[in-house]
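Visitor: this one's sequence-less:
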């Protein structure tokens, strides 16, 4: 029983960061933009959050965890949204190729994160190991009371607020896309920008907003890894290829935010499954780590075989929109 | 009556542009990006940016050794870019070069480990080259098959294949690891140099040079003058026309992606046998992605790719040098590369479009 | 301007380059009236409607809505005046439901109240007699249902004047009847409707008045009560105009292509071509007349091996003997089997040529496989391109210019020139002079005649009856996917062909 609780905790720890990245990418792709810069924006968000908290803790005499949390949260969101803005300007206004721009953004963002992560202490005047203990602790504070409820409490309520926020955001995003006028308009932009344009929807504005906010959301995924997963410290390439896993999750979830919740748990589970299968050599453990990607490929193949319309990517995904010339 | 305000600026697609003008726009973009980078460098470090750029040049080509390192890495990047180009020209978004390089590299590494000290070089090297090419070809054909027959999205498929390849490589590394528990293969055959590409004409990277430049030239002629290259262009432009011209589209997709994968495999061979003499998960090191940018910016012209890859490697090497010189971190090079790429990608718009500002003045945004 | 008119057009003129698409057209629609606009393809109907819906802006003339003069510069302007147009290509989001498409982009309370929307849609559909499930997804709908969504979308937005561009072209007769019933209900409710068509029976059963256009000219408007099929046909096709196209007599014609019972079923399951049978002889030009979408394209593409046929055969009889069945072969197989068949498709830059490639590369599109060499021979295509430039007077700076940069006439010369250069025994051409000026058109006629004199069997799909009647030795008339008659090009009258096109005459042999 205790083992199961630890397994669940680890699954959630792996899954939530990916969930944020996937939610950001879902919002972005719903506007027709395939942003392969997600891994980069996650790094940007992570490091910006860390820097924000770091500067705050270093300047305040008695840093308050809540304030540090708020500052790092804002920094992470805005910095990653800035990544989305770069992508938007290049692909929407300047009509650059989406795949190439996204990959360049990933190069930039990962470099950005590792650069500042690696040289932060030096830039700040050689303060030694970077640690934002107070803010990190604030991010990890579980729900008071509920987390004490025995095993169930440990399994479900022992996490920091970002875990619950991630799930809430997924549900909110689902409601936005399916139940509101703006959500409907946004989906129309991603499916058929010409139709949306003819219906009087401001296609460019929708694309910009969705891509920037989506970037900001994915940046929160980076913040999660830095603050809750690593407790407020930075290691270069610390969250590895999880940005790509987020893009895989979007496909796996068939572009549905609520599906991404279950998917993130499944991916998290598959990612650490090797720890729980007895008798695996270190080598075969590595093969197990490929499972999330293999599963995604299978989903991709099956959905292309079944050709069910609701399971396809947004129709205009990856294409720039040109209004027909008159 | 219903006249609205005239928009701030209007854009119109250009009919044509003189090549010198296009290159001027690109040059200006690179210049602007360097200005922006300078600003960032000053803001962060307070260093004189001129010194920093001097340091870049110093780092990339300052010594003979550095020149050769720059050339070596340019060749690898060029080889990958040349490899993915036929698929791109066909509008097949192969972003799986990373994985194809790894698969090619691991095949070479396997042969080095098992035959490196037994087979004569005359058999060993062709076998390594061919083996790497075939292994990567098969790896690339999996997404191509699904694309050709069921129209499965190749961008996402090839992307996922990279990470499957990554885990396969990690598995192999642990299988071969030396010394045990180090999580790395170490330098393969460091004593015997079995399976290391030998010097050619006294040049350490002579073979790399010959193979990659040979492939670059061959690819130029293949795309430009062969019947298959012609078919690639037609399929890339319009499936309807391809059908009308009697081209078997499925066959062309499979064949082209197979070729593309094979060349990426050869790049893996060159990295492992001709440069690093080991295999690790960073053997490809993101160059499969960078090569996409190289191919795209070169407009599929393989000779332009030589310049573009050299430029990017130059910047990376140089930035790496200033990083250590000024006690920054080596990732500064990725940041600078990223900024330069943003500007170059953005400037293509001003080559394809004419921008007219309110007031009727025409400007090419120069 | 008269206030009784929902819309009134006066002396509207629109030119595209040298071509005048509309020349001083006048038109008016009363409130609560259905007006038909009748005309052949290329008569300027769609251009005229595009000016009402804000896609084009007229060069000359005035438009008045409800008696007030207006200027319509964008689709939004048109929409704000209560005008809505339904194009032949629907603008709908396929994965959305009908209701979602109908409310798309509309202002209102942020949280969607689907029940209220459904209720409002249902009251609209009940009022006018539509058959529509608001929760059905568009991609599961038939063409007729999609059209219904488009109409309801406009009504939901409070449109007064509805324009329908050939609404029945894609409908079965039963679906068309249902549409007409709905349109009549809308008329009763005070809406004004313009319907663009070239089907006479629809004009007579549905509309109150008919306006006729011919080649961009406004011919006149009459009350439907006073119109007959004969009078309308005559207004539409006009008197025969002499074009001075040469027509040499065929010399010793021999059977080159025999089509028997050819039937094609489209991907959507519609029978696009039914039981077509005819013979094409060497040294003759066989014309194919009919309104667009009567099965001409399917006929040519099935022969050329581009689409599969469901039934029937197309036998090719080469001059050297040994006939071959074409319908079982793909385009690649046909070329490989040595069948000398050339095809000038309707979609020049989308199928016949690659716009971004230069002249040389386009000239070799159908022959690049020749020879055993791994490399493509570009020397002879370049020579051929230069020869074509010289012989056909193609205006281009050279052979290395992307063809999309050439004008329409020159593009067509490249395409026809290439197809003729391979010395075909059978030459299929679709709409060879569409969009071309008179001079270029005559170049193309001369090319076709030269092929005819060389003993080629030419099959030419056209839309201008005057041209077909002067150029062709015999003319196949198609209507609704079948061959409604084959007439002699020298003796047939325009009325006769017009009736066959409209299926108002009997089947003749």
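Guide: Nice, thanks for sending it over. This structure is a prediction, so every number in the text was calculated from the model and none was measured.
Visitor: Residue numbers of the stretch 201-350 of chain B in contact with chain A?
Guide: B:286, B:289-290, B:292-293, B:296, B:327-329, B:331-335, B:337-339, B:341-342, B:345-346, B:348-349 (Cβ under 8 Å from any Cβ of the partner chain). Backbone N, C-alpha and C define where each C-beta goes, glycine included.
Visitor: Buried ones among those?
Guide: Buried by 16 or more other Cβ atoms under 10 Å in any protein chain shown: B:289-290, B:292-293, B:296, B:328-329, B:331-335, B:337-339, B:341-342, B:345-346, B:348-349, out of these.
Visitor: who are the neighbours in contact with residue A:142?
Guide: Neighbouring residues of residue A:142 by Cβ atoms under 8 Å, 6 or more residues apart in numbering or on different chains: A:157, A:158, A:159, A:160.
Visitor: go on, residue C:280?
Guide: By Cβ under 8 Å, 6+ apart, residue C:280 lies in contact with C:255, C:256, C:257, C:258, C:259, C:286, C:426, C:457, C:458, C:459.
Visitor: if we can go back for a sec, I'd like the contacts of residue A:142 laid out as JSON lines, including distance to residue A:234 and pLDDT.
Guide: Below are these laid out as JSON lines (distance: Cβ to Cβ, whole Å; pLDDT from 0 to 100):
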{"residue": "A:157", "distance to residue A:234": "28", "pLDDT": "75"}
{"residue": "A:158", "distance to residue A:234": "24", "pLDDT": "76"}
{"residue": "A:159", "distance to residue A:234": "21", "pLDDT": "80"}
{"residue": "A:160", "distance to residue A:234": "18", "pLDDT": "81"}
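Visitor: Among the residues you listed, which one lies nearest to chain B?
Guide: Nearest to chain B, judged by Cβ to the nearest Cβ, of these is residue A:159 at 26.6 Å.
Visitor: Now name the helix or strand holding that closest one.
Guide: Under the criterion DSSP states H and E, no helix or strand holds residue A:159.
Visitor: Let me see the ranges of the strands in the stretch 1-150 of chain C.
Guide: C:5-16, C:19-30, C:34-38, C:60-65, C:68-70, C:83-86 (DSSP state E, counting those that start in this stretch).
Visitor: Do I have it right that residue C:137 meets residue C:99?
Guide: No: between residue C:137 and residue C:99 there is no contact under Cβ atoms under 8 Å: 10.5 Å.
Visitor: Could I get the pLDDT score of residue 232?
Guide: Let's take chain A. We have a pLDDT of 77 for residue A:232.
Visitor: looking at chain C here, not the other one
Guide: 83.
Visitor: Which residues are in contact with it?
Guide: Per Cβ under 8 Å, 6+ apart, neighbours of residue C:232: C:38, C:200, C:203, C:204, C:210, C:212.
Visitor: how about the fourth one, what does it touch?
Guide: With contact set as Cβ under 8 Å, 6+ apart, residue C:204 has these partners: C:224, C:227, C:229, C:232.
Visitor: At which residues are the helices of the stretch 51-200 of chain A located?
Guide: Secondary structure of the stretch 51-200 of chain A (DSSP state H, counting those that start in this stretch): helices at A:65-88, A:98-123, A:133-140, A:150-157, A:161-179, A:181-191, A:193-198.
Visitor: Next SSE downstream of the shortest one?
Guide: Put plainly, it is helix A:193-198. As assigned by DSSP H and E, the chain's next helix or strand after helix A:193-198 is helix A:203-224.
Visitor: what about that following helix and chain C, any contact?
Guide: No: Helix A:203-224 stays clear of chain C (Cβ under 8 Å from any Cβ), getting no nearer than 10.5 Å.
Visitor: pLDDT on the helix or strand following that helix, on average?
Guide: Downstream of helix A:203-224, the next assigned helix or strand under DSSP H and E is helix A:242-252. Averaging pLDDT along helix A:242-252 gives 88.
Visitor: Can you give me the neighbour number for residue A:162?
Guide: By other Cβ atoms under 10 Å in any protein chain shown, the residues close to residue A:162 number 24.
Visitor: correct me, but it touches residue A:140?
Guide: No: if you go by Cβ under 8 Å, residue A:162 and residue A:140 don't touch, sitting 9.5 Å apart.
Visitor: anything in contact with each of the two?
Guide: The contact sets of residue A:162 and residue A:140 overlap at A:227, A:228 (Cβ under 8 Å, 6+ apart).
Visitor: now, which of the buried ones among the residues of the stretch 201-350 of chain B next to chain A lie within helices?
Guide: Under the assignment DSSP state H, those contribute B:289-290, B:292-293, B:296, B:332-335, B:337-339, B:341-342, B:345-346, B:348-349 to helices.
Visitor: now for the contacts of residue C:232, which pair is the farthest apart?
Guide: Maximum pairwise distance among the contacts of residue C:232 (Cβ to Cβ): 13.3 Å, between C:204 and C:212.
Visitor: related to what we said a few turns ago, kindly identify which of the contacts of residue A:142 also come near chain C.
Guide: Here nothing survives when the contacts of residue A:142 are matched to chain C using Cβ under 8 Å from any Cβ.
Visitor: Can you add neighbour count and distance to residue A:29 and give those back as TSV?
Guide: Output for those, formatted as TSV (neighbours: other Cβ atoms under 10 Å in any protein chain shown; distance: Cβ to Cβ, whole Å):
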residue	neighbour count	distance to residue A:29
A:157	17	32
A:158	19	33
A:159	22	27
A:160	21	28
